[in-house]
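> coords please:
(one chain, ligands or ions: 1)
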Amino acid sequence: MTTDARAATGAPDPRTAQPSGGTRPVLLGQNQYGKAETRVVRITRDGETHHIKDLNVSVALSGAMEDAHYRGSNAHVLPTDTAKNTVFAFAKEHGVESAEQFAIHLARHFVTSQEAIHRARIRVEEYGWDRIEIARPAEGGPGTDGTADGRTGTADGPTGTADGQAGAAGADGTAPAPHSFVRGGRETRTTQVTFDGDTWEVVSGLRDLVVMNSTDSEFHGYAKDRYTTLAETYDRILATRVTGCWRFGWHGGEQPAPAWDESYQETRRHLLGAFAQTYSLSLQQTLYRMGERIIDHRPEIDEVRFSLPNRHHFLVDLEPFGLGNDNEVYFAADRPFGLIEGTVLRAGREARIPADLTHP
Ligand SMILES: O=c1[nH]c(=O)c2[nH]c(=O)[nH]c2[nH]1
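Residues are numbered from 1 along each chain as shown. I've put the predicted structure just below:
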């Protein structure tokens, strides 16, 4: 409605109406806004060889937003559309060295360039791509120009970023394709960076890392009541889909930032190592050992939190078919599932990872 039309009807002008907080006991509480899930793919071209970073970036900004909510004044509101554009522009201008570094650039930009924005929280999910292995062309044949330059390397793991150099032949006569990729395992690397103008907090992690031990797992000696029917077991499958977050001790200032990619790969390695090497009496115990191994080996990390669904595998009764089942055939139930969650902390540090962060 135009201003004149509104005046004619006597309707209040929303631009000058008083905030309800002025007359009623109603106040604005915590609020934030931004653009969620900007999908950005950054390709870096090194001749024929391309490198891919595939990110899902969510920006949440907060600060002096009372007028926006009470009065509809947008003077302090940097549009969410601008936040999206900034993600794309920064991918171009700064590249994507690591998920953490990219999030740090963005958080710093919003807090330092907009007076009204006092805090920025950037969440990044990174999807891995592996190079497709292709038959290596015959020596001197078509297609060897430029790419077969003798550099070695492979895509750097399931959530890696296809950063291996293409061109080196495997023993089976294949070589990583220079610019053809297949989505890595279903696991996703995650990070959340928060900056309030002074202090940084970085919580990185992963989700959907599916792991299984086909033995070395027992579960017995548990509390029982009249509804307990579970049979005690001394040999079972232990399988879970790991969602984990770890908080860095780094808060900015003079402290040098951790080497983000190396830290991620090593943390993931320790997590998997602890899962594989723990003789498990419960998933709770395995969770603790995974966190403990990370805290023991990665001094840059102060706190780890896991959410571990227990993917129950039940032995199938094959007796109706006249068959035995010596821990060979299982029914993999998808629901309901036990859900084991917990935080493992460096002594003397505060637990700060919110319980719901492992449930994005
Ligand atoms: O590792 C386990 N922890 C539990 O708490 C639990 N509860 C259950 O029924 N099975 C299991 N397994």
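
> and whichever strand or helix holds Gln265, average pLDDT?
Using DSSP states H and E, the secondary-structure element containing Gln265 is helix 260-277. Averaging the model's pLDDT scores along helix 260-277 yields 94.

> what do you get for stretch 69-84?
The predicted confidence, averaged over stretch 69-84, sits at 96.

> mind listing what's buried in it?
Across stretch 69-84, burial judged by 16 or more other C-beta atoms under 10 Å covers Tyr70, Val77, Leu78, Ala83, Lys84. Quick note: C-beta positions are derived from backbone N, CA and C, even for glycine.

> any chance you could map the helices in the stretch 51-200 of the chain?
66-71, 80-94, 99-113 (DSSP state H, counting those that start in this stretch).

> now distance to Tyr33 too, for those helices, in TSV please.
As requested, the helices of the stretch 51-200 of the chain are exported to TSV (distance: least, C-beta to C-beta, whole Å):
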stretch	distance to Tyr33
helix 66-71	8
helix 80-94	7
helix 99-113	11
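
> which of the ones you listed sits most buried?
Among the helices of the stretch 51-200 of the chain, ranked by average contacts under mean count of other C-beta atoms under 10 Å, first place goes to helix 99-113 (a mean of 21).

> tell me the angle that helix makes with helix 80-94.
For helix 99-113 against helix 80-94, the angle by axes from the mean of the first three to the mean of the last three C-alpha atoms, to 10 degrees is 120 degrees.

> check which helices and strands helix 99-113 sits against.
Using 3 or more C-beta pairs under 8 Å, 6 or more residues apart in numbering; DSSP states H and E as the contact test, the elements touching helix 99-113 are strand 49-63, helix 80-94, strand 117-135, strand 174-195, strand 200-213, helix 260-277.

> gap between it and the chain center?
Taking the mean C-alpha point of helix 99-113 and that of its whole chain, the gap between them comes to 17 Å (C-alpha atoms, centre = their mean, to the nearest Å).

> follow-up on the earlier one: quick one: the buried residues of stretch 69-84 as TSV, columns for distance to the ligand too.
Compiled in TSV, the buried residues of stretch 69-84 are given as follows (distance: C-beta to the nearest ligand atom, whole Å):
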residue	distance to the ligand
Tyr70	48
Val77	47
Leu78	47
Ala83	42
Lys84	43
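
> lowest mean pLDDT across the helices and strands packed on helix 99-113, which one is that?
strand 174-195 (a mean of 83).

> list the neighbouring strands of that strand plus their orientation.
According to DSSP bridges, strand 174-195 forms sheet pairs with strand 117-135 (antiparallel), strand 200-213 (antiparallel).

> so for the longest one, what gets flagged as buried?
Think strand 117-135. 117-133.

> list the contacts of Asn310.
Leu238, Ala239, Thr240, Leu283, Phe337, Gly338, Leu339, Ile340 (C-beta atoms under 8 Å, 6 or more residues apart in numbering).

> if we can go back for a sec, now render the strands paired with strand 174-195 as JSON lines, adding distance to Val59.
Written out in JSON lines, the entries for the strands paired with strand 174-195 read as follows (distance: least, C-beta to C-beta, whole Å):
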{"stretch": "strand 117-135", "distance to Val59": "6"}
{"stretch": "strand 200-213", "distance to Val59": "16"}
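
> of all these, which one is nearest the ligand?
Closest approach to the ligand among these (C-beta to the nearest ligand atom): strand 200-213, 11.6 Å.

> quick one, the closest one and helix 260-277 angle?
In this structure, strand 200-213 runs at an angle of 30 degrees to helix 260-277, with the same axes, to 10 degrees as the basis.

> does the ligand have contacts with strand 200-213?
No: residues of strand 200-213 contacting the ligand under C-beta under 6 Å from any ligand atom: none, with a closest distance of 11.6 Å.

> if we go by neighbour counts, what in that strand is buried?
By neighbour count on 16+ other C-beta under 10 Å, the buried set for strand 200-213 is Trp200, Glu201, Val202, Val203, Ser204, Gly205, Leu206, Arg207, Leu209, Val211, Asn213.

> could you do stretch 319-335 as well?
Under the neighbour-count criterion of 16+ other C-beta under 10 Å, stretch 319-335 has Tyr330 buried.

> contact residues of the stretch 251-360 of the chain facing the ligand?
Counting by C-beta under 6 Å from any ligand atom, the residues of the stretch 251-360 of the chain lying close to the ligand are Ser282, Leu283, Gln284, Asn310, Gly338.

> how far off centre is stretch 87-103?
Taking the mean C-alpha point of stretch 87-103 and that of its whole chain, the gap between them comes to 16 Å (C-alpha atoms, centre = their mean).

> and what of stretch 269-277?
Taking C-alpha atoms, centre = their mean, one finds the center of stretch 269-277 at 19 Å from the center of the full chain.

> contacts for that stretch?
Counting contacts by C-beta under 8 Å, 6+ apart, the residues outside stretch 269-277 that touch it are 209, 211, 213, 242, 244, 286, 289-290, 292-294, 297-298.

> and the furthest pair within those residues?
Across those, no pair lies farther apart than Asn213 and Arg298, at 22.9 Å, counting by C-beta to C-beta.

> if we can go back for a sec, so of the residues of the stretch 251-360 of the chain next to the ligand, which ones are in helices?
The helices in this structure, assigned by DSSP state H, contain Leu283, Gln284 from those.
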